[in-house]
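Asker: need a 3D model of the sequence below.
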Amino acid sequence: VQMPSILYAHDDDVFDNPNEFQPHRWNEKNKSQSMTETFMPFVAGRHNCAGQALANVEVEVVVSCLIGKYDFKVDVEGEEKFFITYKPVGTRLTAIKA
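Answerer: A predicted model of the protein is given here:
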C-alpha cells in the first residue's frame, strides 16, 4: 500500500495550518517528533536519494561475497516484526567458514 506524500504532508494532526507556507515550522524549537517522522521527501520518485543505486549494488556485492565464503546457521531464533519492512528482532546467526 502506498500513499502520495502530499497526503501526509497536509495532515492536520501533524502540521498546524498544513496548507500554508510556513518555513519557520522547521526551526529546532518548532519541530516535533511527529513532523520529523512524517516528512520524508527523498524516499521515492525522481528526487530519491542519488546514492541509493550505488548502495544497493554494494549490498548485493557484500551479501554475495559473504554467502560465497561462509555457511550460516541460526543460533537464536528471534521474533518477527513488521512495520514497513520485515525485521527479525533478536535473531543471531553464526558464520562458519565454507
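Asker: residue contacts, residue 22?
Answerer: Going by Cβ atoms under 8 Å, 6 or more residues apart in numbering, residue 22 touches residue 16. Where C-beta positions appear, they are placed from N, C-alpha and C, glycine not excepted.
Asker: mind redoing it with 10 Å?
Answerer: 15, 16, 30 (Cβ atoms under 10 Å, 6 or more residues apart in numbering).
Asker: quick one: which of the residues you listed is the most crowded by neighbours?
Answerer: Using other Cβ atoms under 10 Å as the neighbour test, the contacts of residue 22 are led by residue 15, with 19 neighbours.
Asker: who are the neighbours in contact with it?
Answerer: 8, 9, 22, 25, 32, 34, 35, 38, 39.
Asker: where does it land in three-state SS?
Answerer: What DSSP: H, G, I helix; E, B strand; the rest coil gives for residue 15 is coil.
Asker: only whichever of the contacts of residue 15 are buried, select them in PyMOL.
Answerer: To isolate the buried members of the contacts of residue 15 in PyMOL, using 16 or more other Cβ atoms under 10 Å:
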select buried, resi 8+9+35
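Asker: need the contacts of residue 15 in TSV with pLDDT, can you?
Answerer: What follows is these, written out as TSV (pLDDT from 0 to 100):
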residue	pLDDT
8	74
9	77
22	84
25	82
32	80
34	80
35	79
38	76
39	73
